[in-house]
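K.L.:
Here is a sequence with its predicted model. Questions after.
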Amino acid sequence: MIDNFIAGSVALFGDPFTIGIFVFGVIGGMLFGAIPGVSMLTLAAILLPFTANLEPAQGVMLFAVIYCTGTYGGAITAILFNIPGAPENAPTAFDGYPMTRKGQSGKAVGAAVLCSAIGGVTSAIVMMAATEPLANWAISNIGPPEIFALVFFGLAVASSVGGRTLWKGWMSVLLGLLIATIGQDPVGGINRYNFGFSDLAAGIAFVPAILGFFAVSEIFVQAEKKAIGMYEAPKLSLDFPTILELWTHKIAVVRSILVGFFCGILPGIGATLAAFMGYGEAVRWSKNKESFGKGNLEGVISSETANNAATGAAMIPLLALGLPGGALTAMMVAVFQMHDLEPGPLVFYNSPDLIWIVFAAMFYANLSILFIGLLETKTILYLLKIPFQFLAPMILLLASIGSYIGRGLVLDVMVMFISGIMGFLLRRSGYSIPGIVLGIILGKIGEQNFAQGMQMVHYDLLEYLSRPICLLLIVAGSLTLLAGIYKALSFSFKS
Amino acid sequence: MTKLKTRHIVETLVWLLTVVVFFVYSFEFNQEIEIYKFGATGWPRVILGILLLVTLGNFLHLYKKGSEAQHGRVGISDQEEGISYDSIGSVQKLVAILILPFIFSWSLKPVGFYAATPIFIALLILLLGEKRIKWILANTLFIYFLIILLFMVLLNAPLPQGNVSPFYDFSALMLTLNTKLHQSLNF
């Protein structure tokens, strides 16, 4: 492994053009992740056609680097503006934004930088050492029933955070699942809920929906405060956390790495569920549960460690099985195909150089988060000084472009603004925006895997439960759900 | 004693209406799939069934506790509390802020991004409370220049050009200038 890693590093840093692409990916991913309104997906969608002119290794490496640094960059907007750069940064906002309001933005961002780097580097090392054995394990142990069970467990965890009550948490998740049913059904390709719009046959693209629910709704919330004279500018702080402060959360870091890596391995699940589960587990194991959501540093640490730990793991199903774990890894498949390559087991034998350049690049990209991230963060924090009336149009325009770029449809920009208005109204009534977004992302994956799983077990639910991992996840999800219902009902009837 | 308010009843009715509309509309695509027993409607109808039950649970909570947050919840939105409108003007302003982006998105097809954007920026800055005309103009130009520089000049991103004259002609002019700039810089 070490020889291959050194060979990959030499190939990466031996060619000035490849170094240029690496640096562009690192800075581009961080910037697009950290500018409110656009995300790493916007940059990736714009760059996709240009990768045809690059060497295959350079193209895939560029996207892998953007994936690592963009996942970290999205934490900055989540912490500073309550606008997660990507869905995997949503739980970071739960505690990161309250910290900004308390004047501790530097502390939250500093923790995000360090924990993203730790999670990402660890994940990259494990990825290099274990891609092949883990892929073999996943092939024999993880099938559609397990993926559906994990989706169920993830949704149960997501419903327990974010909403004002358990009911509102679940209503948010179910709304997301309902939105995900718009478009063709994943088994028979039958059009559902297109309401007469032919463009809706392809479904609601999740980038506009995410931008609408996160970025646009936040702009509307702040605009409302501005309209009624209640707007308070967030406080700028460059006070980074001390090593001692971070050391006290070491168990949370280790736990989140494990959670993140496990979620990342599973195709289609990716970093979003990792972040939610990392956060959920932090709350579950904490002695001070009440402090979460009010500015607890451990909330930021857990979420950011878990989502970056998933980045390396997400490459395992992509490279070993040819299955993308999310939107960005799906674009990587497109890069492979542009160069007449197919990701999958054969790529290890046919193109080992490519694999090890990508692995080395991901390792260095995660490491660079620590150095470039800290430098960039100090600059980005000054975004807080821009008056809201000038920042808001910029964010809305960037979000409009980000929505439009993916499919070139004006309808997507409209979907984004409709999602923004819905998000604004739902937030006012205590619903969970991250819950809705997770429902949208996991809806299709859940349905597809449920259908495939049911066909596999010939519609016998008991056979579903005879699979150990599946049983474990369904029991864990059901217990989370039942405990939540018990708490919600006892709260309602308590005088 | 119930803590139910009119807005809670409206909220519940909206959810119930959503369930009914989606359920009724599901008959539009109620087709069998040969290889899948539950068909195209199975999954959405299960979601709707659970949503109905959860809506009833939510109504029970609203009836007993009103808008009170359940203890131990994390990441709760705090928007409902403390928001009050002291004048019709504030409400009108908020409605305008909510509608303006939607009008902008609708205008992208006929007017195009290049022509619609400066008007959108200026109006939004004005609605967000900036009264100084010089500041509005300066910031509109600055934001417009920045967006054009990043997405048109540097990234060559395809943006809506509009299909109505003279807006389409304006977009064409912008793209021609961009091509000439690229040629002159050998970009």
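P.N.:
Yep, that arrived. Residues are numbered from 1 along each chain as shown, chains lettered A, B, ... in the order given.

K.L.:
could you measure A:Gly430 against A:Leu114, distance?
P.N.:
From A:Gly430 across to A:Leu114, the span is 33 Å (Cβ to Cβ, to the nearest Å). Where you see a C-beta, it was placed from the backbone N, CA and C, and this is true even at glycine.

K.L.:
How about A:Ile147?
P.N.:
32 Å.

K.L.:
again, but for A:Glu447
P.N.:
Taken as Cβ to Cβ, the span from A:Glu447 to A:Leu114 is 38 Å.

K.L.:
Going by residue numbers, what spans are helices in chain B?
P.N.:
Ranges of helices in chain B, per DSSP state H, are B:6-25, B:42-65, B:88-107, B:113-127, B:133-147, B:167-185.

K.L.:
Switch those helices over to JSON lines, and while doing so, append distance to A:Gly406, mean neighbour count and mean pLDDT to every line.
P.N.:
Below are the helices of chain B laid out as JSON lines (distance: least, Cβ to Cβ, whole Å; neighbours: other Cβ atoms under 10 Å in any protein chain shown; pLDDT from 0 to 100):
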{"stretch": "helix B:6-25", "distance to A:Gly406": "26", "mean neighbour count": "14", "mean pLDDT": "94"}
{"stretch": "helix B:42-65", "distance to A:Gly406": "24", "mean neighbour count": "19", "mean pLDDT": "93"}
{"stretch": "helix B:88-107", "distance to A:Gly406": "15", "mean neighbour count": "17", "mean pLDDT": "89"}
{"stretch": "helix B:113-127", "distance to A:Gly406": "15", "mean neighbour count": "22", "mean pLDDT": "94"}
{"stretch": "helix B:133-147", "distance to A:Gly406": "18", "mean neighbour count": "15", "mean pLDDT": "94"}
{"stretch": "helix B:167-185", "distance to A:Gly406": "20", "mean neighbour count": "14", "mean pLDDT": "89"}
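
K.L.:
Turn those into JSON lines, columns for distance to chain A.
P.N.:
Output for the helices of chain B, formatted as JSON lines (distance: least, Cβ to the nearest Cβ, whole Å):
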{"stretch": "helix B:6-25", "distance to chain A": "6"}
{"stretch": "helix B:42-65", "distance to chain A": "4"}
{"stretch": "helix B:88-107", "distance to chain A": "4"}
{"stretch": "helix B:113-127", "distance to chain A": "4"}
{"stretch": "helix B:133-147", "distance to chain A": "5"}
{"stretch": "helix B:167-185", "distance to chain A": "14"}
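
K.L.:
got CSV for those helices, with distance to A:Thr71 too?
P.N.:
Shown next, in CSV, are these (distance: least, Cβ to Cβ, whole Å):
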stretch, distance to A:Thr71
helix B:6-25, 33
helix B:42-65, 29
helix B:88-107, 28
helix B:113-127, 29
helix B:133-147, 25
helix B:167-185, 32
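
K.L.:
Can you report how many residues neighbour A:Trp137?
P.N.:
Counted with other Cβ atoms under 10 Å in any protein chain shown, residues neighbouring A:Trp137 total 12.

K.L.:
my bad, should have said A:Leu297
P.N.:
Per other Cβ under 10 Å, the neighbour tally for A:Leu297 reads 23.

K.L.:
again with A:Ser490
P.N.:
Using other Cβ under 10 Å, the number of residues around A:Ser490 comes to 10.

K.L.:
can you check A:Val259 too?
P.N.:
The burial count for A:Val259: 25, using other Cβ under 10 Å.

K.L.:
Please report the distance of the residue positioned nearest the centre of chain B from A:Ile204.
P.N.:
Centroid check for chain B by Cα atoms, centre = their mean gives B:Phe102 as the closest residue, at 7.1 Å. Computed as Cβ to Cβ, the B:Phe102 to A:Ile204 distance reads 17 Å.

K.L.:
Show me the domain layout of chain B.
P.N.:
B:6-65, B:88-185 (automatic domain parsing).

K.L.:
first vs last residue of the first one, how far apart are they?
P.N.:
So that's domain B:6-65. End-to-end distance for domain B:6-65, by Cα to Cα, to the nearest Å: 14 Å.

K.L.:
Then the last one?
P.N.:
Using Cα to Cα, the gap from the first to the last residue of domain B:88-185 comes to 54 Å.

K.L.:
How about the contacts made by the most centrally placed residue in chain A?
P.N.:
For chain A, the residue sitting closest to the mean C-alpha position, by Cα atoms, centre = their mean, is A:Glu88 at 2.3 Å. Going by Cβ atoms under 8 Å, 6 or more residues apart in numbering or on different chains, A:Glu88 touches A:71, A:74, A:270-272, A:274-275, A:307, A:310.

K.L.:
so which of the residues you listed comes closest to chain B?
P.N.:
Closest approach to chain B among the contacts of A:Glu88 (Cβ to the nearest Cβ): A:Ala275, at 12.1 Å.

K.L.:
Phi first, then psi, for the closest one.
P.N.:
The phi and psi torsions at A:Ala275 (degrees, to the nearest 10) take the values phi -60, psi -40.

K.L.:
For it, give its distance to A:Gly20.
P.N.:
On the measure of Cβ to Cβ, A:Ala275 and A:Gly20 end up 31 Å apart.

K.L.:
quick one, which of those two is more surrounded?
P.N.:
Neighbour count, other Cβ under 10 Å: between A:Ala275 and A:Gly20, A:Ala275 has more, with 36 against 11.

K.L.:
The closest residue to that one other than its chain neighbours is in what secondary structure piece?
P.N.:
Spatial nearest neighbour of A:Ala275, excluding adjacent residues (Cβ to Cβ, 6 or more residues apart in numbering or on different chains): A:Asn307 at 4.1 Å. Using DSSP states H and E, the element containing A:Asn307 is helix A:297-316.
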